[in-house]
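Novice: this one's structure only:
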């Protein structure tokens, strides 16, 4: 395990979204039965909108009004477990079920479900707050 | 991108905690300013208790009574971004700041902070609900 702490460099919104788009998976964070919940999913970016597919779609958007949507977080990272170098991006945004049949068809084509089984939903997450950090090597202490 | 969906195999609590213990990092999920929040951190397991170190310790446990603690989720995974084979473990549990000086000293010794800077806290998460899945290869469809 490294004992030299890493330095954090804040990324811009644009840099963060570019890194998110370079990854194929992340984790969606939502509230389920009043408890914090998290699931790994794969994603694509459509402009700046995060598109995920999950059989938990209905739970992710909750019992909210479809127009209003539900506030969720979405995180992706690529941090080396040994060197601790890498990046992490956290988006806070609004999740809505995608219902338009044409749009749905297009997304289902580019976003294959990982796992067998239950019927799934396509969920769009419109980013409000985007934060990202890159962990870079610091100087060894004295 | 693979087009053969993976099969999910549910893991037992014991299998899940063993996988969590085999990983050095995960993501803590908490509520911050009434919004879902998530941060990657490194961890160690002390028996079944997850120990993390973060300068966000105070935010993670929130304004709750120390004895009562705050409900958080903790997730670790190791999923291959291409083959989509791997595992994911999600723990829902109670987070508390570790304050006992002796215990604190011991944890700070085994759990080095990743990043430079701000003063950090040691947080213990006592698992209540532990779920885990392993993604295994399915048979190609017809």
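Specialist: Nice, I can see it. If you're wondering where the values come from, they're calculated on a predicted model, not measured in any experiment.
Novice: Burial check on the residue nearest to residue A:96 when sequence neighbours are not counted, number of neighbours?
Specialist: Nearest residue to residue A:96, sequence neighbours excluded (Cβ to Cβ, 6 or more residues apart in numbering or on different chains): residue A:69, at 4.3 Å. For the C-beta atoms, the positions are set from N, CA and C on the backbone; glycine is no exception. Counted by other Cβ atoms under 10 Å in any protein chain shown, the residues lying close to residue A:69 total 19.
Novice: which residues does residue A:69 contact?
Specialist: A:61, A:94, A:95, A:96, A:126 (Cβ atoms under 8 Å, 6 or more residues apart in numbering or on different chains).
Novice: Dump these to TSV, plus distance to residue B:138, secondary structure and pLDDT.
Specialist: TSV is the format used below for those (distance: Cβ to Cβ, whole Å; DSSP: H, G, I helix; E, B strand; the rest coil; pLDDT from 0 to 100):
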residue	distance to residue B:138	secondary structure	pLDDT
A:61	28	helix	88
A:94	34	strand	96
A:95	28	strand	95
A:96	30	strand	94
A:126	33	strand	97
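Novice: which among these end up buried?
Specialist: A:61, A:94, A:95, A:96 (16 or more other Cβ atoms under 10 Å in any protein chain shown).
Novice: tell me the contacts of the third one?
Specialist: It refers to residue A:95. Residue A:95 makes contacts with A:28, A:30, A:60, A:61, A:69, A:70, A:71, A:72, A:123, A:124, A:125, as judged by Cβ under 8 Å, 6+ apart.
Novice: Where in chain A is the helix or strand with the lowest mean pLDDT?
Specialist: The helix or strand of chain A with the poorest confidence is helix A:57-61; it has a mean of 85 (mean pLDDT, DSSP states H and E).
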